[in-house]
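**Student:** After the sequence you'll find the predicted model.
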Number of protein chains: 2
Amino acid sequence: MADPDVRHMKWWGWGHEDVTFSDADRPKIRPYLQRELGVEDDCRTPPVSFEEVQLPEAKQNAPFVDALKKVLAEDQFSEGKKDRLIHAAGKAFRDLLRLRRGQVDYAPDLVVYPASEADVVAIVKAAHEHDAVLIPFGGGTNIAGCLEPHDKAGRFVVSLDMCRMHRVLEVDKKSLTARMEAGVYGPHMEEQLAEYSVTLGHFPDSFVHSTLGGWVATRSAGMQSDKYGKIEDMVIGLRMVTPSGTIVSRTVPKSSNGIDIRHLCIGSEGILGVITEVTMQVHTVPAYKEFYGWIFPDFEQGVAAIHECLRLGCMPVITRLNDPKKTALSFAFKKTQSAFKDFIGKCVKAYLGKIRRIDLENCCMMITACEGDYDTFHSQRRESAHIFRKRGGVCLGTSPGEAFQETKYDFPHVRDYLMDRGVMGDVSETATSWTNIIPLYKATLAAVKKAIADTGKHPWVGCHISHNYHTGASLYFTFGCRQLEGRELEQYLYIKKAAEDAFMAGGGTLSHHHAVGTEHLPWVEADISPTGVKAVRALKDGLDPKGVMNPGKIIPGPNSVAEWGLTDEAIQSFNKAD
Amino acid sequence: MADPDVRHMKWWGWGHEDVTFSDADRPKIRPYLQRELGVEDDCRTPPVSFEEVQLPEAKQNAPFVDALKKVLAEDQFSEGKKDRLIHAAGKAFRDLLRLRRGQVDYAPDLVVYPASEADVVAIVKAAHEHDAVLIPFGGGTNIAGCLEPHDKAGRFVVSLDMCRMHRVLEVDKKSLTARMEAGVYGPHMEEQLAEYSVTLGHFPDSFVHSTLGGWVATRSAGMQSDKYGKIEDMVIGLRMVTPSGTIVSRTVPKSSNGIDIRHLCIGSEGILGVITEVTMQVHTVPAYKEFYGWIFPDFEQGVAAIHECLRLGCMPVITRLNDPKKTALSFAFKKTQSAFKDFIGKCVKAYLGKIRRIDLENCCMMITACEGDYDTFHSQRRESAHIFRKRGGVCLGTSPGEAFQETKYDFPHVRDYLMDRGVMGDVSETATSWTNIIPLYKATLAAVKKAIADTGKHPWVGCHISHNYHTGASLYFTFGCRQLEGRELEQYLYIKKAAEDAFMAGGGTLSHHHAVGTEHLPWVEADISPTGVKAVRALKDGLDPKGVMNPGKIIPGPNSVAEWGLTDEAIQSFNKAD
């Protein structure tokens, strides 16, 4: 495994050039971005150097530190600049904007590295007794502001980095459960599980950089959720340390023991306590697995094909359907291939356009994967292919699927590349019912396009569907445009607001798997109702009476909209009549 | 639909004789019960007559009633004896014991029948303002004391019967969701859903007598949970009226909007509010469905067969495996059949014993059902049968399955029959991991047998498995013995305690689908941890600050063990060394 520190620094733009955009490796992406978003070649807005970043002076809380020194070793504390910087933010657009400018107004005053649940208990106890704020930190990949280290009361802020709690403790191969420490990173977890020939089956786009505890705390979704479910569907038991004690659930498949305490911890985003241990359901590694690329004549046909597979019980384990814009982008992001493959690619294009009469401007790429034992794999492949063809789908074979596999974790770095060049790129995602999928897709696309146009820029908006359920699916929007110099954040927030408002107006949810954090606070009441907010606040007040656990997240306050950062004046200055 | 009042009265022993135990209909059950439990033919401990039942005088709360009279119609209130009696208890052994004796110490002072969510809001508001206790009432089938109308503070107690909110409001056939009022009874709901050719797929043993809202409030499980999941897996959206406002969740398949507020309502057993509306996932009615009976040489082989079906992805939609005792009981409960069928039955018995050399004392009956479209149905049937045979299973064809279908809802009335004759019969159920299933089965069986023997009686203890999950399954114990005259309740509690203690000691949960209520209060801390209890209490205090919603349930108090009704002296008087 790469040193997590190095990974963090790269993801903030320091040293990320090795995620290549060179013409030799990906010849099409630069011309594409140039054409679509006016991205120039020169890196004209690079991040400031690490040395130039100024952190606020660390506050002191001697009683807290003294209490911990009795329990933790010297190397479990850090006040170093790099550690404080790494733990000062997640990976939201807002975070990158500030960090790249060296504009770090808030950073944790101390980073602690517990190595056991006993350490976590001591840290939480000390925080509660000595009024220090604790922010649980997994991989630091959250893009919703869940890690925002700003405490309004100005208290001492501690980032609690779980990375040393990375062991798979126990695998029960008969029951197919794995008891694991919450700080384990995705690849390290799968390495350890592979020793037992099992897999969790959870592969979010952040997989390489994120942790089990982070997934559970934010209700994450992975790339194979169509087979394995969302993270909340996989949790069998857990332990969470709160200022009022440790919540421990029994490792049983199901229960009727009142309100399910596991679900009080799942999605709690650190506001109640620190998830230290999780028992997950796991799966034997399937014998057969293959990725495929399919082309559909349009988005609607692709959606109809997925829906029909679900209804007929032959869903592949991945169905990731790109809309036309996202399709063009993913073609452009392809790595260099052999001259022969390139030739075949051109033939396929000609075939699609001339023989199949597919409108290449409007066509949609779907990446699928089938897996299972011999029979399951083959029937899944055969039956889904039959349905896809009925909907006008054309199979491009396994190479687009393999290409996707190879590059899926590189894709988020496009944003760094863009931001180096004065261009904004970000995402907003939701979920809704099958009946509502296409209307909400269209409404959001229109709303985000309008918002970008309002800021005077040419919009790029794409969407993909990658998580499908019995009653509905997710919609994941990617958008970008040239930034307004001097108004980069306002412009971004104006566009982000358009997406979230469209979700709320159109029967979506504020996020399907990115969490609430601080970024989605303005939409919480509309999503879970004011009384739902009261319920969450009641839990918070009951378990964390001094409010030391990750304050300011999930629960909106009276000023949440104002604090979000988009003034009415800014809205009015952008907003143009339809 | 039968008049619910009539159904209620019957289930309490008044007029239940039409659920027949006559020699003509079920010739084997009376001899079986005579042999196994010493049940005599004469009904020597019948319930007192309805007229003999003395209810406590109804308390008055004029401000509450006056507030409601502005909103509700005359026929939405009742203080009548029958209504108060029907709402005075659930169907726990403790309830039956008291009611049959006419020993009704607590009953609601008033029964109200809301017809809309607006009515519920008005009732909850009036209760909050005028300090009246509200007990939401669905079908009244709960056997864990969830409906106990005793308020320690002696406040005015109101039973809020949801039966007039029984409409299916909206079915989205594309998304496969149904929005329904929570008071709808099982059969009436399925009738309404059938108009859209969909089904909820939830068939608990209480199906005929219980409601959607009750299922959601208690985390119910139905007979086809292997395919359709437990009730908590089917809830897409809901509305719950609390004293602090109405919790409303969005109808989206999945979300990452913080702590899942749906799961704060599911399993809340009325202590936070009244569930008024639920949006459930539904399913198209399958084209093919068949029930089968299988005989396995022993319980272990049956369990192994289910486990293998799960692992190989060919689970039938029902797999209900009886242990040897439960198998013998279900054979004895069979209805009269034709002479020919009877002859065939004897041939099968001879074949099993003599040709297949199955020990008939030790063999286990499994009821299964396969369903789906043509391909799914046939492959499910073929593949599961292959596995069952590998484990020594012998298929008895469809007639035992059909017999089970016919009689499944009659079975609970065996208890009434026994209680008429001085014999106790009850159940306790749990869930655990696959690794732990057989050890917990054996440990609980031994513990319950010992407990009964301690009371000086001959034990009858059986078990079945009927809910199977990726990581484990449920264990459902049925036990009975002659009652100790004058010590019926103590004896029962001593035996019940043995079962629950065994669950806790052996890695089970306090209940898989019967809820906590008051009956399981002594085990809540051990099950969800003391901090888990604090979390639930925080929710309760936050949403229901005056404690008017179903007080005394789920959350154990300092005297929960003492109040449960089994004194240390009683325990000592029974307890014998191993």
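**Tutor:** Now that the structure is in, tell me what you want to look at. Remember, predicted model here, so these are calculated numbers, not experimental data. Residues are numbered from 1 along each chain as shown, chains lettered A, B, ... in the order given.

**Student:** Pretty sure residue A:428 sits against residue A:497.
**Tutor:** No. Assessed by CB atoms under 8 Å, residue A:428 is found out of contact with residue A:497, at 9.7 Å. For the C-beta atoms, the positions are set from N, CA and C on the backbone; glycine is no exception.

**Student:** who's more crowded, those two?
**Tutor:** Applying other CB atoms under 10 Å in any protein chain shown to residue A:428 and residue A:497 shows that residue A:428 carries more neighbours, namely 28 against 21.

**Student:** so what secondary structure elements neighbour the helix or strand that contains residue A:278?
**Tutor:** If you go by DSSP states H and E, residue A:278 is part of strand A:274-281. The contact analysis (3 or more CB pairs under 8 Å, 6 or more residues apart in numbering or on different chains; DSSP states H and E) places strand A:274-281 against helix A:117-130, strand A:133-137, strand A:177-181, helix A:212-218, strand A:235-242.

**Student:** For that strand, C-alpha coordinates in PDB please.
**Tutor:** Taking Å, rounded to 0.1, in the frame of the first residue of the first chain, the C-alpha atoms of strand A:274-281 are listed here in PDB:
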ATOM      1  CA  VAL A 274     -16.800   7.000  16.700                       C
ATOM      2  CA  ILE A 275     -17.500   3.700  14.900                       C
ATOM      3  CA  THR A 276     -14.700   1.400  16.000                       C
ATOM      4  CA  GLU A 277     -15.700  -2.000  14.800                       C
ATOM      5  CA  VAL A 278     -18.100  -3.300  12.200                       C
ATOM      6  CA  THR A 279     -19.300  -6.900  11.500                       C
ATOM      7  CA  MET A 280     -20.200  -7.100   7.800                       C
ATOM      8  CA  GLN A 281     -21.700  -9.700   5.700                       C
END
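
**Student:** For that strand, buried residues please.
**Tutor:** Residues of strand A:274-281 classed as buried: A:274, A:275, A:276, A:277, A:278, A:279, A:280, A:281 (neighbour count, 16 or more other CB atoms under 10 Å in any protein chain shown).

**Student:** just those now: which is nearest chain B?
**Tutor:** Among these, residue A:281 lies closest to chain B (CB to the nearest CB), at 5.0 Å.

**Student:** just the strands in the stretch 201-350 of chain A please.
**Tutor:** Secondary structure of the stretch 201-350 of chain A by DSSP state E, counting those that start in this stretch: the strands cover A:235-242, A:245-248, A:274-281, A:283-284, A:288-296, A:318-322.

**Student:** Those: which one's closest to residue A:398?
**Tutor:** Residue A:398 lies closest, by CB to CB, to one member of the strands of the stretch 201-350 of chain A: strand A:288-296, at 5.8 Å.

**Student:** and the angle for that closest one with strand A:318-322?
**Tutor:** Put simply, strand A:288-296 runs at 20 degrees to strand A:318-322, going by axes from the mean of the first three to the mean of the last three CA atoms, to 10 degrees.

**Student:** Output strand A:288-296 as CSV, nothing but the C-alphas.
**Tutor:** Output of strand A:288-296 as CSV, limited to C-alpha atoms (Å, rounded to 0.1, in the frame of the first residue of the first chain):
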residue,chain,number,x,y,z
TYR,A,288,-16.6,-16.1,-13.1
LYS,A,289,-16.6,-12.3,-13.7
GLU,A,290,-16.5,-10.3,-16.9
PHE,A,291,-17.0,-6.6,-17.8
TYR,A,292,-18.8,-5.5,-20.9
GLY,A,293,-19.6,-2.3,-22.8
TRP,A,294,-22.9,-1.7,-24.4
ILE,A,295,-24.2,1.1,-26.6
PHE,A,296,-27.8,2.2,-26.4
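
**Student:** Who are the packing partners of it?
**Tutor:** Judged by 3+ CB pairs under 8 Å, 6+ apart, strand A:288-296 is in contact with strand A:364-372, helix A:374-390, strand A:394-397, helix A:399-407.

**Student:** Ok, which of those comes nearest residue A:501?
**Tutor:** With CB to CB as the measure, strand A:364-372 is the member of the helices and strands packed on strand A:288-296 nearest residue A:501 (25.8 Å).

**Student:** With adjacent residues omitted, what lies nearest to the residue nearest the centre of chain A?
**Tutor:** Centroid-nearest residue in chain A, with CA atoms, centre = their mean: residue A:514, separated by 4.9 Å. Spatial nearest neighbour of residue A:514, excluding adjacent residues (CB to CB, 6 or more residues apart in numbering or on different chains): residue A:144 at 5.1 Å.

**Student:** My guess is that neighbour contacts residue A:90. True?
**Tutor:** Yes. In terms of CB under 8 Å, residue A:144 counts as a neighbour of residue A:90; the distance is 7.4 Å.

**Student:** what is in contact with these two at once?
**Tutor:** Residues touching both residue A:144 and residue A:90 by CB atoms under 8 Å, 6 or more residues apart in numbering or on different chains: residue A:517.

**Student:** I'd assumed residue A:144 was in a strand, is it?
**Tutor:** No. Counting by DSSP: H, G, I helix; E, B strand; the rest coil, residue A:144 is not part of a strand but coil.

**Student:** Report pLDDT for it.
**Tutor:** According to the prediction, residue A:144 has pLDDT 97.

**Student:** ok, now residue A:402?
**Tutor:** With respect to pLDDT, residue A:402 has a value of 82.

**Student:** just residue A:14 next, same as before
**Tutor:** For residue A:14, the model assigns a pLDDT of 55.

**Student:** need the residues of the stretch 351-500 of chain A near chain B, please.
**Tutor:** Within the stretch 351-500 of chain A, the positions near chain B by CB under 8 Å from any CB of the partner chain are A:372-373, A:376, A:430-436, A:467, A:469-474.

**Student:** In the stretch 1-150 of chain A, which residue sits closest to chain B?
**Tutor:** Distances between the stretch 1-150 of chain A and chain B by CB to the nearest CB are smallest at residue A:144, namely 8.4 Å.

**Student:** Tell me who's in contact with that residue.
**Tutor:** Contact analysis of residue A:144 by CB under 8 Å, 6+ apart lists A:90, A:92, A:218, A:511, A:514, A:515, A:516, A:517, A:518, A:519, A:520.

**Student:** Would you show me how to pick out the buried ones of the residues you listed in ChimeraX?
**Tutor:** Filtering the contacts of residue A:144 down to the buried ones (16+ other CB under 10 Å) takes a single ChimeraX command:
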select /A:90,92,218,511,514,515,516,517,518,519,520
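
**Student:** Can you add pLDDT, secondary structure and distance to residue A:398 and give the contacts of residue A:144 back as a markdown table?
**Tutor:** As requested, these are exported to a markdown table (pLDDT from 0 to 100; DSSP: H, G, I helix; E, B strand; the rest coil; distance: CB to CB, whole Å):
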| residue | pLDDT | secondary structure | distance to residue A:398 |
| --- | --- | --- | --- |
| A:90 | 93 | coil | 35 |
| A:92 | 94 | coil | 35 |
| A:218 | 98 | helix | 33 |
| A:511 | 98 | coil | 33 |
| A:514 | 97 | coil | 30 |
| A:515 | 98 | coil | 34 |
| A:516 | 98 | coil | 38 |
| A:517 | 98 | coil | 38 |
| A:518 | 97 | coil | 42 |
| A:519 | 97 | coil | 38 |
| A:520 | 98 | coil | 38 |
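
**Student:** Many thanks, have a good one.
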